[in-house]
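# pasting the sequence and the predicted model now:
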Amino acid sequence: MSRLNELLQQAGNIGRNEDGSITRLGFSEGYFQALELLKARMKEIGMQVETDPVGNLHGILPGSDPEAKAIVIGSHLDTVIKGGVYDGMLGVTGAMEVAARLKDEGRTLRHPLEIWGFNMEESSILGGTFGSRCVTGMIDPDLPGYPEKLAKFDCSPEKVKAAKRDISKYECYLEYHIEQGDKLDHTGIDVGVVSGIVSIIDYKVTAKGMSNHAGTTMMANRKDALVGMAKLIVAAEERAKELNDTLVFTVGKISVSPGQENVIPGQAVANFEMRHMDKAVTDQFYADIQALAKEIPNCEFEFVNTIAKYSTPCDPRLIKLIDGVCTEKGISHVIMPSGAGHDANPMAHEGVPIGMIFVPSVKGISHQGDEYTKPEHIDMGADVLYQTVLKLDETGV
Ligand code: GLV
Ligand code: MN
Ligand code: MN
């Protein structure tokens, strides 16, 4: 097994569940255990390391030119609940392989190389891509209710503000990631050169009906909020399929109240997440859902937007560079969009040129324990990343 695959599997054992999946949520004990493992390894490679106030890991390999801006490679160290080994961790360990290889080959880059391992990229009450949005200053931590949410993780508005960096100081941001879909695996293509990252838009939807006795309230007289919510979800799913081929819609979280077996739910709350590259499509879909909600009897619906991360293209120069590296190496590759969100998104929104490299996810499985990428693809993607960094060091973006 290669050094990179070994480190990846070692990190994957942190937060491992009995069923083989991994739960290493942002700010958890496992999260910081993984961070310390990588920190120790970075020190062995000769990197300067630091954990910032919101729990992001930063490693620096100094360059030879004091004027040159740093090349940043990053991804996240957290997983979803019952997630896999590769989502996020591949990007950070892959970046460390680049640094280790530079050391093996006795090369010093002209640019400093920074490796950033982000906290809480996965969705949470803090809104996902938390660590990278702190670094880029995209979070207003004083918004009503946010300080209380931060406090749940022993974090604070002061820490969020202190984690912000002057993002203009960085040359570019690269992220190496598994595809998490099945396009590469299905077509047998080895590498994806990412063209852009989709929007992620989320609404908290509340259905209000009326709570009542489950035994004495006849079916004709009910105002069951969960039934209303279920009808809206099914109608929205149908609409999503009609509206656009690449629009995706998910309800990943739902709760009812009061939440007892013998009480008709008076209220149901669900999150409606929609993703597409084009804002016009998600705007249209949201308008359609609101219209559908008006037709559902016995329920009132309320919509509150909780997440609006708009799509972003990758930098055309970096796409060309990565594409060129793959061509030179004879690696089959395709330029493709990302349906998953990434820490690269906030970096791009704050003006840093971004480039992303994907390797195949077997059967397109991700965000669960069976997530798997072949070891040879892990090493191949890391080599593309290494060659990309060497070229960037010569030419800049
Ligand atoms: C992140 O993994 C996302 O796409 O939700
Ligand atoms: Mn990820
Ligand atoms: Mn993920």
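Nice, I can see it. Numbering: from 1, shown residues only. Ligands and ions are numbered 1, 2, ... in the order given.
# within range of ligand 1, give me the residues from the stretch 51-200 of the chain.
Glu122, Ser123 (CB under 6 Å from any ligand atom). For the C-beta atoms, the positions are set from N, CA and C on the backbone; glycine is no exception.
# what segments of the stretch 51-200 of the chain are strands?
57-61, 70-76, 113-118, 170-178, 191-197, 199-208 (DSSP state E, counting those that start in this stretch).
# partners of the fifth one in the sheet?
If I follow you right, that is strand 191-197. strand 312-313 (antiparallel), strand 333-338 (parallel), strand 354-359 (antiparallel) (DSSP bridges).
# what of the third one?
Take DSSP bridges as the rule and strand 113-118 pairs in its sheet with strand 57-61 (antiparallel), strand 70-76 (parallel).
# off-centre distance for the last one?
Taking CA atoms, centre = their mean, to the nearest Å, one finds the center of strand 70-76 at 14 Å from the center of the full chain.
# kindly calculate the angle that that strand makes with strand 170-178.
30 degrees (axes from the mean of the first three to the mean of the last three CA atoms, to 10 degrees).
# likewise for the first one?
Using the same axes, to 10 degrees, the interaxial angle of strand 57-61 with respect to strand 170-178 works out to 120 degrees.
# alpha carbons only: can I get strand 57-61 in CSV?
Coordinates of each C-alpha in strand 57-61 appear next as CSV, following Å, rounded to 0.1, in the frame of the first residue of the first chain:
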residue,chain,number,x,y,z
LEU,A,57,-5.6,23.0,10.5
HIS,A,58,-3.0,25.0,8.6
GLY,A,59,0.3,23.6,7.5
ILE,A,60,3.0,25.7,5.8
LEU,A,61,6.0,24.7,3.7
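# most packed of the strands paired with strand 191-197?
strand 354-359 (a mean of 27; mean count of other CB atoms under 10 Å).
# alpha carbons of that one, as PDB, please.
Below are the C-alpha coordinates for strand 354-359, written out as PDB (Å, rounded to 0.1, in the frame of the first residue of the first chain):
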ATOM      1  CA  ILE A 354      -9.800  27.600  -7.700                       C
ATOM      2  CA  GLY A 355      -9.000  24.300  -9.400                       C
ATOM      3  CA  MET A 356     -10.400  20.800  -8.500                       C
ATOM      4  CA  ILE A 357      -9.300  17.300  -9.300                       C
ATOM      5  CA  PHE A 358     -11.800  14.300  -9.000                       C
ATOM      6  CA  VAL A 359     -11.100  10.600  -8.900                       C
END
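# contacts for it?
Applying CB atoms under 8 Å, 6 or more residues apart in numbering, the contact partners of strand 354-359 are 90, 172-179, 184, 190-194, 197, 312, 314-315, 318-319, 321-322, 336, 338, 342, 344, 347-348, 373, 377-378, 380-381, 384-385, 388.
# export the strands paired with strand 113-118 as TSV, with columns for mean pLDDT.
Formatted as TSV, the strands paired with strand 113-118 follow (pLDDT from 0 to 100):
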stretch	mean pLDDT
strand 57-61	98
strand 70-76	98
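# could you dump these to TSV with mean neighbour count and distance to Gly106?
Converted to TSV, the strands paired with strand 113-118 look like this (neighbours: other CB atoms under 10 Å; distance: least, CB to CB, whole Å):
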stretch	mean neighbour count	distance to Gly106
strand 57-61	23	13
strand 70-76	26	19
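# sorry, back to before: Throw the strands of the stretch 51-200 of the chain into TSV and include distance to Met218, thanks.
Formatted as TSV, the entries for these read as follows, by distance: least, CB to CB, whole Å:
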stretch	distance to Met218
strand 57-61	59
strand 70-76	51
strand 113-118	53
strand 170-178	52
strand 191-197	50
strand 199-208	21
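# for Arg133, find the nearest of those strands.
Between Arg133 and the strands of the stretch 51-200 of the chain, the shortest gap by CB to CB is with strand 113-118, which sits at 9.3 Å.
# ok so, going back, for Thr136, which of the strands of the stretch 51-200 of the chain is the nearest?
Thr136 lies closest, by CB to CB, to one member of the strands of the stretch 51-200 of the chain: strand 170-178, at 9.8 Å.
# I am finished for the moment; much appreciated.
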